[in-house]
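A.B. asks: the following block contains a protein sequence and its predicted model.
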Amino acid sequence: MGRLRTASRLRGCAGRRLWDYLMDDVREDLLLEAELMILSFATGIQDAAVWIDYALFASNQTGNMLFLAIASAGYSNGLKYVPNIATSLGTFVGGALLFGQLGNYVGPRKRWWLILSNVFQTVMVYAAAIVQYTVRRNPTGASASGVITLLAVSSGAQVGMGRALRITEITTAMATSVFVDAVVDPDLMKLRNRRRNRRVIFLLNLTAGCFAGAWALRGVNSPFAFLLCAIVKSIATAAFFFNKRISKDGADCADYGIEDTG
């Protein structure tokens, strides 16, 4: 009976259709962590370029709240950047709200949802790069608001998606809490500490992305920096096709030494 059950599982794995594959819940493993790390690197590229061009962030809304207060008091060129900052803050929250609740409804670990959400996020960054390249860049005005909206909605969707995966050590954007969690970890000095390792690698990726974005803008221009960000996000998006699934019956196809064909 056990052999018949195993054979049945093997046939089911071998004959899985594409839809079944896309409906899988992806499991938490090194590949999923790597994808979130890649997105963190992309965030660093993006926010470095956004800060240089518009004196705000598309993902770090703690900083934007501070800038909004400072600008409203007449500092930092007065009220000039208040519309930009408010746009970033509002559209980020809107993106997180929309995609976070949609993810809750359909299942935040569904493969098709992760792919679709990341495609949307990535397309918006490509669109921002196109706007930057084709329209005369101005730190304020309609074109600035358009670019900020595209990037902030994309960032909100990304952070909302990442938080829903419950890998809290990799926020893909915010670093302050991760810095603190890393240094107060009671197991900080243990040789094997996966949570510490996640935090440290996330911080390194985010920092490396910031440097990459700043130097991409300095060496070429901001459209190139946004294009680089979009390309990095495209890599993460493609990788979601290859995540292993959470087994529904106690065994993954990989447990039987075969690959899915769906």
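C.D. replies: Structure's in. What do you need?

A.B. asks: pLDDT-wise, which helix or strand of this structure ranks last?
C.D. replies: helix 2-14 (a mean of 55; mean pLDDT, DSSP states H and E).

A.B. asks: what about the helices in the protein?
C.D. replies: Assigned helices in the chain, in chain order: 2-14, 18-22, 30-54, 61-72, 82-106, 111-134, 142-164, 176-184, 194-219, 222-239 (criterion: DSSP state H).

A.B. asks: the longest one packs against which elements?
C.D. replies: I take that to be helix 194-219. Packing contacts for helix 194-219, counted by 3 or more CB pairs under 8 Å, 6 or more residues apart in numbering; DSSP states H and E, involve helix 30-54, helix 176-184, helix 222-239. Backbone N, C-alpha and C define where each C-beta goes, glycine included.

A.B. asks: and the last one, what does it pack onto?
C.D. replies: Just to be clear, that refers to helix 222-239. Helix 222-239 packs on helix 30-54, helix 111-134, helix 194-219, going by 3+ CB pairs under 8 Å, 6+ apart.

A.B. asks: now these in CSV, with mean pLDDT, distance to T176 and mean neighbour count?
C.D. replies: As requested, these are exported to CSV (pLDDT from 0 to 100; distance: least, CB to CB, whole Å; neighbours: other CB atoms under 10 Å):
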stretch, mean pLDDT, distance to T176, mean neighbour count
helix 30-54, 96, 14, 23
helix 111-134, 97, 23, 20
helix 194-219, 96, 11, 18
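
A.B. asks: so where's the stretch 151-262 of the chain uncertain?
C.D. replies: 248-262 (pLDDT under 70).

A.B. asks: gap between the nearest residue to T149 once chain neighbours are set aside and S59?
C.D. replies: Of all residues not flanking T149 in the chain, T91 sits nearest, at 4.8 Å (CB to CB, 6 or more residues apart in numbering). Per CB to CB, to the nearest Å, T91 is found 11 Å from S59.

A.B. asks: what do these two both touch?
C.D. replies: 152, 156 (CB atoms under 8 Å, 6 or more residues apart in numbering).

A.B. asks: who has more neighbours, these two?
C.D. replies: S59 (25 against 21; other CB atoms under 10 Å).

A.B. asks: torsion angles phi and psi at the more buried one?
C.D. replies: Backbone torsions of S59, given as degrees, to the nearest 10, read phi -120, psi -30.

A.B. asks: relative to L191, how far out is it?
C.D. replies: 33 Å.

A.B. asks: how about V159?
C.D. replies: Taking CB to CB, one finds V159 at 31 Å from L191.

A.B. asks: more neighbours: the two, which one.
C.D. replies: Neighbour count, other CB under 10 Å: between V159 and L191, V159 has more, with 23 against 5.

A.B. asks: for the nearest residue to the more buried one once chain neighbours are set aside, give me its contacts.
C.D. replies: Leaving aside its sequence neighbours, V159 sits nearest to A173 (CB to CB, 6+ apart; 5.0 Å). A173 makes contacts with 40, 43, 47, 59-60, 155, 158-159, 162, 206, as judged by CB under 8 Å, 6+ apart.

A.B. asks: let's go with 6 Å and repeat that
C.D. replies: Counting by CB atoms under 6 Å, 6 or more residues apart in numbering, A173 touches 43, 59, 159.

A.B. asks: touching, the second one and S155? I think so.
C.D. replies: Yes. Here S59 reaches S155: they are 3.8 Å apart, a contact under CB atoms under 6 Å.

A.B. asks: hmm, back to that, closest to V131 out of the contacts of A173?
C.D. replies: V131 lies nearest to S59 out of the contacts of A173, by CB to CB, at 18.3 Å.
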